[in-house]
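[1] No sequence on hand, only this structure:
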């Protein structure tokens with residue numbers, strides 16, 4: 001502080017304009033040009049390259065997000081389509097199974113009906129045969145009983 005007071009007291013101003021001012025100004029400009037070309041431009045170039053790389057990566061990320069969204073929508077559409085096809089196929093298979101069941105049941109009923117008719121005819125035929133045999137035996141037995149009861153043969 002004392003030094004500042006001495007400098008201002010001796011000359012009256014803080015900065016003296018003389019040859020050293022121009023030398024300092026020249027040194028400042030020389031240092032500015034050197035630092036600008038050796039330090040500032042490369043550092044600013046690195047910063048700019050990093051900014052461009054970051055923007056490029058952001059654009060790429062946005063593009064990938066849009067692509068993922070589009071693919072997700074396509075997959076969802078395909079899933080919906082597959083579900084509809086599966087539902088349609090399932091309905092068609094159920095209809096075919098029901099139709100096949102009706103055909104099988106109809107055939108089974110027809111076969112059972114035919115079998116019952118055949119069995120009934122066979123039973124009726126056997127019954128007629130048995131009745132005919134019983135009638136023959138009844139006549140023979142009646143003749144035998146009448147012969148024994150009357151004591152003489154009957155025709």
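    Everything's here; your move. Only a predicted model underlies this, so the values are computations on that prediction, with no experimental measurement involved. Numbers count the residues shown, from 1 in each chain.

[2] State the pLDDT value of the spatially most central residue of the chain.
    Nearest to the mean C-alpha position of the chain, by Cα atoms, centre = their mean, lies residue 79 at 4.8 Å. Note for residue 79: predicted pLDDT of 95.

[3] got the phi/psi numbers for it?
    Here is the backbone geometry of residue 79 (degrees, to the nearest 10): phi -60, psi -40.

[4] where in the protein is pLDDT low?
    The chain contains residues with pLDDT under 70 at 1-12, 15, 155.

[5] Mind jotting down where the helices sit in it?
    2-11, 19-35, 41-150 (DSSP state H).

[6] any idea how far residue 118 is from the residue nearest to the centre of the chain?
    Using Cβ to Cβ, to the nearest Å, residue 79 is found at 57 Å from residue 118. The C-beta positions use only the backbone N, C-alpha and C, and glycine is treated the same way.

[7] what's the answer for residue 39, then?
    Counting by Cβ to Cβ - residue 39 and residue 118 are separated by 114 Å.

[8] Residue 48 now?
    According to Cβ to Cβ, residue 48 and residue 118 sit 102 Å apart.

[9] for residue 150, same thing?
    Note on residue 150: its distance to residue 118, by Cβ to Cβ, is 47 Å.
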